[in-house]
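Chemist: Mind looking at a prediction? Sequence and model below.
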Amino acid sequence: MAKRTHADYPPLVIPYTGELLAGVDEVGRGPLVGSVVAAAVILDPARPIEGLGDSKTLCAKKREALDALIRKHALSFCVAEASPAEVDALNIFHATHLAMRRAIDGLTPQAEYLLVDGNRLPGHRLPGQAVVKGDARHPAIAAASILAKVARDAQMVELDARYPAYGFARHKGYPTREHLAALAEHGPLESHRQSFGPVKRLQALV
């Protein structure tokens, strides 16, 4: 099956015409380690940023360049997270929405309307809409995906410097063969998500 693009989806109909529209996205639902990171961004219509798109389709150098531009030119942005302990306590779905709400609440000026990547709103008081494949369909969501991705990748590079045997800088905490082998050899760290299957199974053997 061919990969779907934004052209395969109907145009977005947004019942808000003001400037305080925030795009919201997250990174880090699938990894076995670290926080789930969310970002909210209100772009400045007077200062458009070229090249915004789904962070997963951009190389690291391009993401970092766009990250700097977003931080410089956006009307407002905030990056927030939910910790591994919160992921374990709440489950990844609810922890992701917690991180999103924290990012939205951190905006100054505050948003008036939300566009959230995915098929669910995070339970915030502000009105908004969920947008499937939103990071490819609206620049504010794309900007949020870039900020979240750059921030979480930086966390993984920092963790890699502390625990080089796990290869975090390469796999970014996802359950790759390398990561699972390191887990089996060295055991889980405190920053691993204890409720996630591969980690939970190893803990049961201890």
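Modeler: Arrived safely, thanks for sending.
Chemist: isn't Leu183 right up against Lys200?
Modeler: No. Leu183 is beyond contact range of Lys200, at 11.2 Å (criterion: C-beta atoms under 8 Å). To be clear about C-beta, it is placed using only N, CA and C from the backbone, and glycine gets the same treatment.
Chemist: More neighbours: these two, which one.
Modeler: Each of Leu183 and Lys200 has its neighbours counted (other C-beta atoms under 10 Å); Leu183 has more, 20 against 15.
Chemist: Can you point out the helix or strand that includes the more buried one?
Modeler: helix 177-186 (DSSP states H and E).
Chemist: Gly23 too?
Modeler: strand 21-27.
Chemist: pLDDT on the longest helix that the chain contains, on average?
Modeler: Secondary structure of the chain per DSSP state H: the longest helix is helix 139-162. In this model, helix 139-162 carries a mean pLDDT of 97.
Chemist: Just name whatever secondary elements it is in contact with.
Modeler: Applying 3 or more C-beta pairs under 8 Å, 6 or more residues apart in numbering; DSSP states H and E, one finds that helix 139-162 contacts strand 21-27, strand 36-42, helix 60-73, strand 76-82, strand 113-117, helix 168-171.
Chemist: For the residue nearest to Pro45 when sequence neighbours are not counted, give me phi and psi.
Modeler: Computed as C-beta to C-beta, 6 or more residues apart in numbering, the closest residue to Pro45 that is not its neighbour in sequence is Glu19, at 6.0 Å. Backbone torsions for Glu19, taken as degrees, to the nearest 10, come to phi -90, psi -10.
Chemist: Glu19 touches Arg47, doesn't it?
Modeler: No. Glu19 lies out of contact with Arg47 (C-beta under 8 Å); the separation is 11.5 Å.
Chemist: Who has more neighbours out of those two?
Modeler: Taking neighbours as other C-beta under 10 Å, Glu19 and Arg47 compare with Glu19 leading, 14 against 11.
Chemist: ok, that one - contacts?
Modeler: By C-beta atoms under 8 Å, 6 or more residues apart in numbering, Glu19 lies in contact with 42, 44-45, 75.
Chemist: looking at the residues you listed, which has the most residues close by?
Modeler: Ile42 (25 neighbours).
Chemist: ok, so what distance separates that one from Ala151?
Modeler: 17 Å (C-beta to C-beta, to the nearest Å).
Chemist: Right, I'll leave it there.
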